[in-house]
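Trainee: What shape does this take:
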Amino acid sequence: MCDLTECLGLRQPTISHHLKLMTNAGLLNRERRGTWVWYSVNQEGLRSLREILTPTKDDGLAALSER
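Mentor: As a prediction, this is how the structure comes out:
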């Protein structure tokens with residue numbers, strides 16, 4: 001998280017809050033290692049999100065993208 005605060009220009013509580021939201025949504029994995037917490041992308045959660053956001057032929061978004 002220390003790396004994120006500097007590069008994003010956000011405070012630690014803001015980043016912690018959003019990491020928690022993404023973890024609870026199944027987009028990130030969280031692993032405690034001593035006093036540190038390591039985050040990684042949850043590939044299954046990302047795959048599910050991609051499926052939700054990818055337009056299909058049956059919805060109106062696909063017709064819009066073909067224009």
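
Trainee: now the helices for the protein?
Mentor: All helices of the chain, identified by DSSP state H, fall at 2-8, 12-24, 43-53, 60-65.

Trainee: Tell me which of those lies nearest to residue 36.
Mentor: Taking Cβ to Cβ, helix 2-8 is the member of the helices of the chain nearest to residue 36, at 9.5 Å. C-beta here means a position set from N, CA and C on the backbone, and glycine is covered the same way.

Trainee: Going by neighbour count, list what's buried in the closest one.
Mentor: Applying a neighbour-count criterion of 16 or more other Cβ atoms under 10 Å, one finds residue 4 buried in helix 2-8.

Trainee: what's the distance between that helix and the middle of its chain?
Mentor: In terms of Cα atoms, centre = their mean, to the nearest Å, the centre of helix 2-8 is found 16 Å from the chain centre.

Trainee: what helices or strands is it leaning on?
Mentor: When contacts are defined as 3 or more Cβ pairs under 8 Å, 6 or more residues apart in numbering; DSSP states H and E, helix 2-8 packs onto helix 12-24.
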